[in-house]
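>>> A predicted structure for the sequence below; I have some questions about it.
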Amino acid sequence: MITYPGVMPRPRSGSGTREAIHAAATRLFREQGYARTTVREIAAEAGADPALVIRHFRSKELLFLETMHLTLDDEPLLAVPLEQLGERFVEVLLDQEDLSRGVFLALLRGSNEPQIAERLRASHETVFVEPLRARLSGPDADVRARLAGALVGGLLYALWAVGDERLLAAGREELVSRYGPLLQQLLTPASDR
């Protein structure tokens, strides 16, 4: 909110204030994480009083949970044959880095809070496991999908949380061509081919 000397700012509506707080929190949580973001910072960014943050969202943790949702556009995963799903899944994850990285890191770093840990578990299930399990069949489909979800979660952890410089330097094409087949082995084991 821009203010000018001697001019009182025009009060926003309740929904305008709520939206401003939501937008500020989304940006700050993605950039700084849960622990390093304060209610005062969110309020200052939104041009609101800190009491309004609590009034609208009840707590910093509930505001975090409302703003941090990890998603994946799984539509591209449905269009490829199962035998190509490993590489395609890695491509989709890497292509959505701008949308997912901040949320993934915020959830990971805030996971010492019980509700945030539960959101991280639910996100892992819906973003990594369910899209893979939907494409698999057989008695061990659930275990294979969970192992594959752990594999891709490990890649994102190494790239985004650890910041493994050698992996980052490898580039998208090399990551897809090397990591995709590892994922594919879990999705379609040799016994299924």
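Sure thing, it's come through.
>>> domains for this protein, by residue range?
14-67, 75-192 (automatic domain parsing).
>>> mean neighbour count and mean pLDDT added to those, as a markdown table?
Glycine gets a C-beta too; all of them are placed from N, C-alpha and C. Listed next are the domains of the chain as a markdown table, based on neighbours: other Cβ atoms under 10 Å; pLDDT from 0 to 100:
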| stretch | mean neighbour count | mean pLDDT |
| --- | --- | --- |
| domain 14-67 | 18 | 93 |
| domain 75-192 | 16 | 92 |
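>>> quick one, helices of this structure?
14-32, 39-46, 50-57, 60-67, 75-78, 85-95, 97-109, 114-123, 130-133, 141-156, 165-170, 172-187 (DSSP state H).
>>> which residue sits closest to His56 in space, ignoring its chain neighbours?
Nearest non-adjacent residue to His56, counting by Cβ to Cβ, 6 or more residues apart in numbering: Arg18, 4.8 Å away.
>>> scratch that, Ala20
The shortest distance from Ala20 to any residue other than its chain neighbours is 4.0 Å, reached at Ala46 (Cβ to Cβ, 6+ apart).
>>> who touches that neighbour in this structure?
17, 20-21, 23-25, 53 (Cβ atoms under 8 Å, 6 or more residues apart in numbering).
>>> now with 10 Å?
Residues near Ala46 by Cβ atoms under 10 Å, 6 or more residues apart in numbering: 1, 12, 16-25, 28, 52-53, 56.
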